[in-house]
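**Student:** here is a sequence together with a model predicted from it:
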Amino acid sequence: VSLFDTPFDFLQDKKRIWLGSPGSREEGLGKLSILTPDIVAKAASEIQTGRRVTLGWDLTKLEVAGFNRQPCGHEIVPLLHGFAFDDIYTFNPQQSSQWDGLRHFSQPIPGTAGKDPASERVFYGGTTAAKIQDRKNTRIGLQHWAKEGIAGRGVLIDYASWAEKKGIQYSTFSLHAVKLSDIQEIAKESGIKFRRGDVLFIRIGMTKEWDTKMTIEQKNTYAASSNPQHAGVEGSEEVLRWIWDSKFSAVAGDAISWEVYPPKDPNWFLHEYLLAGWGMPIGEMFDLEELSCICKQLGRWTFFVASTPLNMPGGVSSPPNCMAVF
Ligand code: UVW
């Protein structure tokens, strides 16, 4: 029996499912190692119509962002006396659609006094902040996900459409919380039965709000905030139990932080569990608008999904380069 089949309630340390030895492929893949070839091959049966859609938002988004993140720079430079051109991109992958990699987020070391918060936290596998910042060290870097690729069955929980039908109004730049009971109700209504290794997508409507509803003044106010607020999945023990016991390989969505940020209860900060605890990718700011339309047209909320993160040794995050095929 794989560790992934151990029920949440029987996990010895729910916040440290650290696989493999330091620097190993298994450690680097983390929860993605649940995507064995048989699971990917089974997911291929989702491809029935050939309709496909990519899930990356423009790299130029967010034009202004929280946490003082800087917008994408793009220069087009001439070479060969202007007979040809090259691109120079300077971008923070956390600015637009992204996978948060295992180097993105840490968790506290239990029992530490909290005098030196940075040195009292660890990343997946126990990797220290010093190792993350050491450019010669590539442990738990993106290269592991890039070489293997992420492929399997994707499942869409279309919270935004469900909430609209119910008349629930919210801004995705607020502490509006998607509760486990909402997700389960939507799954039931959509006839979704989750399978081992599924990539879970939750659409909350952030990219739509940004693109069609927000004024530049509202965007600037959000970006200037010292404490930006993001709607998303509400962290709780029950949601973690459900994510683990559902055996998802990764979670993704269009919300800025996937979960509600700042978390209502810091004890259930999902980034700490999913990234630093379980080695599980968190996808954020994916563009799920067209995906949602196709799901409605076809009346199905499952599809084949493939993503190849950037092959950046020691990288922290990546545009998803993600495609869904129906
Ligand atoms: C946090 O780091 C809390 O959020 P994000 O992953 O959106 O950067």
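**Tutor:** Noted; the coordinates are in hand.
**Student:** helix/strand/coil for Val53?
**Tutor:** For Val53, the assignment made with DSSP: H, G, I helix; E, B strand; the rest coil gives strand.
**Student:** where does it land on pLDDT?
**Tutor:** Val53 carries a pLDDT value of 98.
**Student:** beta-bridge partners for it, please?
**Tutor:** Beta bridges link Val53 to Ala324 when assigned by DSSP bridges.
**Student:** so it makes contact with Leu288?
**Tutor:** No. Between Val53 and Leu288 there is no contact under CB atoms under 8 Å: 9.2 Å. Every C-beta, even on glycine, is put in place using the N, C-alpha and C of the backbone.
**Student:** more neighbours: those two, which one.
**Tutor:** Taking other CB atoms under 10 Å, Val53 and Leu288 do not tie; Leu288 has more neighbours (29 against 19).
**Student:** what sits against that one?
**Tutor:** Counting by CB atoms under 8 Å, 6 or more residues apart in numbering, Leu288 makes contact with Leu55, Leu156, Phe201, Arg203, Thr207, Gly253, Asp254.
**Student:** quick check: His230 vs the ligand, distance?
**Tutor:** 7 Å (CB to the nearest ligand atom, to the nearest Å).
**Student:** contact partners for the residue in the stretch 201-326 of the chain that the ligand sits nearest to?
**Tutor:** Closest to the ligand within the stretch 201-326 of the chain is Ser257: 3.7 Å, counting by CB to the nearest ligand atom. Contacts for Ser257 were tallied using CB under 8 Å, 6+ apart; they are His230, Gly232, His271, Glu284.
**Student:** what is the burial count for the second one?
**Tutor:** Counted with other CB under 10 Å, the neighbours of Gly232 add up to 26.
**Student:** for it, which residues are in contact?
**Tutor:** If you count contacts by CB under 8 Å, 6+ apart, then Gly232 has Ala177, Val178, Ile202, Ile204, Gly253, Ala255, Ile256, Ser257, Trp258, Glu259, Val260, Tyr261 around it.
**Student:** just give the nearest non-adjacent residue to it, would you?
**Tutor:** Take Gly232 and drop its neighbours on the chain: the residue closest to it by CB to CB, 6 or more residues apart in numbering is Ala255, 4.0 Å away.
**Student:** show me what contacts the one you found?
**Tutor:** Thr172, Ile202, Ile204, Met206, His230, Ala231, Gly232, Val233, Glu284, Met285.
**Student:** how close does Ile47 get to the ligand?
**Tutor:** Counting by CB to the nearest ligand atom, the gap from Ile47 to the ligand is 31 Å.
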